[in-house]
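Trainee: I'll drop the sequence and a predicted model, then ask my questions.
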Protein chains: 2
Amino acid sequence: MRIGELSRRAGVPVPTIKYYVREGLIPGGERIGPNQARYDEAHIHRLKLVRAMVEVGKLSVATTREVLSAIDSPGSSLHEVLGIAQAAVTPQVTASDRAGWTLAEQVVTELVARRGWVVKESNPARQALAQLVVTFRDLGQDDLLGVLEDYAAVAERLAAAELAAIGHREGVDSKVEGAVLGTVLGDALIGAMRRLAQADASHRAFEGAAGRAPDPAAR
Amino acid sequence: MRIGELSRRAGVPVPTIKYYVREGLIPGGERIGPNQARYDEAHIHRLKLVRAMVEVGKLSVATTREVLSAIDSPGSSLHEVLGIAQAAVTPQVTASDRAGWTLAEQVVTELVARRGWVVKESNPARQALAQLVVTFRDLGQDDLLGVLEDYAAVAERLAAAELAAIGHREGVDSKVEGAVLGTVLGDALIGAMRRLAQADASHRAFEGAAGRAPDPAAR
DNA sequence: GGATTTTGGAGAGATACACTATCCATGTGG
DNA sequence: CCACATGGATAGTGTATCTCTCCAAAATCC
């Protein structure tokens, strides 16, 4: 097919496809003439993958390219690819020497140790978590840090469930893509789910007939 | 204090503070002259709050303003404020009539019903979740949808833990701020935690020499 | 077979966002 | 007294993600 059909089938404007090709997110079509190229089903899938990461997963084009190149890299283990994908999607923290930073890193280290997790020192998620600890402290929300244990337990369960799901698959490529998508789209997934559960919990705690009745004057 | 000290104490450049005031994220100082204004501790806290949402929570300035105005609005119940904050942080889905959209919405509705959740039809997290379902389907990752139940169960637990932590507080304002911060920073928190847990799970599944003993901390 | 549309490729332009920089009349602090 | 800070407004910067424009060659329509 040519670019017009590719555009229609994938639901992506032609100029955007050209842009993605320029940016190296998707390969160009097979050249069959000075101004003709042919695209196939693989291009459609790749394009959908890019759109999923960019639109749904909210990754930047640059980050998407990194993740895709990890997926493409031959001879990498699933573990390695996941590491690269994780590093790519984890926002880099500007390591400011704000007060309490060392303490926060210690909190993270202890949490990881308590869980028995094996996580590289270089894993950027450590800094991301430490930054959150610092932020909560800084805002006087220390009591919210008590939920860290819950979050850790829950994260463990999610990771296990996800890996189990892709473990059933055949073929390394399929596993890799599944794992990376789980990483990228999983953030949005748990986010949406958390909001639904929170809306219900909030309703139950503050609006339901069982709890304290809301202040009628507050409306 | 004047703006210079505010800048130092909060770790935010002066021009940025001015920008935030212009954008209505923080109130201007108390005017005490044609070109003099005074700021106090409340301004510091507000500024830190803004930075937490913008830098750590990755909210846009516009979204941050929405959330803050919800916090500020007097006479709103905690439930209402949470609803506004949720709507603000949930990315709006461009309701395309892509194939399978109706089916995806039905999946969401059934999930919510199965959980016994009380969630408004208008809650944007429904669409966000439906979009994720569509995306997974579109990419041929249907088997990953099996983990939806796990995510739902886990989200329920997190929401309960968070509300419980906040429930111990005194004062509505404090509860509101805690709940909103939980919503906004919770996304980053579960994200970081997920990556740590996933790194460990991946290590265990693909790198470990042998199966390890079950984690003593897991429950 | 001629008119119209599409194509590939590349550079320039558009738009949005979150700051920064500059200016200047007015204050403050040493 | 005087360098420096302040508040307020306007303009400019850098980044990111497209989107537009151009052109000759190719394809499609009638």
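Mentor: Great, that's in hand.
Trainee: Residue A:60 and residue B:11, how far apart?
Mentor: Computed with CB to CB, to the nearest Å, the distance linking residue A:60 and residue B:11 is 26 Å. C-beta coordinates here come from the backbone N, C-alpha and C atoms, glycine included.
Trainee: swap in residue A:182?
Mentor: Distance from residue A:182 to residue B:11, by CB to CB: 36 Å.
Trainee: If you count surrounding residues, which of these two has more?
Mentor: Using other CB atoms under 10 Å in any protein chain shown, the more surrounded residue of residue A:182 and residue B:11 is residue A:182, with 26 against 13.
Trainee: isn't the more buried one right next to residue B:145, touching?
Mentor: No. Here residue A:182 lies out of contact with residue B:145, judged by CB atoms under 8 Å, at a distance of 11.3 Å.
Trainee: how does chain A divide into domains?
Mentor: Recorded structural domains for chain A (assignment: automatic domain parsing) are A:3-56, A:84-210.
Trainee: The lowest-mean-pLDDT helix or strand in chain A: how far from the chain's middle?
Mentor: Sorting the helices and strands of chain A by mean pLDDT, DSSP states H and E puts strand A:30-33 at the bottom, at a mean of 90. Mean-position distance between strand A:30-33 and its chain equals 36 Å (CA atoms, centre = their mean, to the nearest Å).
Trainee: Just send the domains of chain A back as CSV, with distance to residue B:33 too.
Mentor: CSV is the format used below for the domains of chain A (distance: least, CB to CB, whole Å):
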stretch, distance to residue B:33
domain A:3-56, 50
domain A:84-210, 32
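Trainee: Does residue A:28 belong to a helix, a strand or coil?
Mentor: For residue A:28, the assignment made with DSSP: H, G, I helix; E, B strand; the rest coil gives coil.
Trainee: Does the most centrally placed residue in chain A belong to a helix, a strand or coil?
Mentor: Central residue of chain A (CA atoms, centre = their mean): residue A:184, 2.9 Å from the mean position. Of the three states, residue A:184 takes helix according to three-state DSSP.
Trainee: what sits against it?
Mentor: With contact taken as CB atoms under 8 Å, 6 or more residues apart in numbering or on different chains, residue A:184 is in contact with A:52, A:53, A:57, A:59, A:67, A:85, A:89.
Trainee: Please produce CSV containing the residues you listed, extended by pLDDT, distance to residue B:34 and secondary structure.
Mentor: Shown next, in CSV, are these (pLDDT from 0 to 100; distance: CB to CB, whole Å; DSSP: H, G, I helix; E, B strand; the rest coil):
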residue, pLDDT, distance to residue B:34, secondary structure
A:52, 96, 55, helix
A:53, 97, 52, helix
A:57, 95, 50, coil
A:59, 96, 48, coil
A:67, 95, 54, helix
A:85, 93, 56, helix
A:89, 93, 50, helix
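Trainee: Between the residues you listed, which sits nearest DNA strand C?
Mentor: Nearest to DNA strand C out of these is residue A:59 (CB to the nearest atom of the strand; 16.6 Å).
Trainee: what's the closest one sitting at in phi/psi?
Mentor: phi -80, psi 150 (degrees, to the nearest 10).
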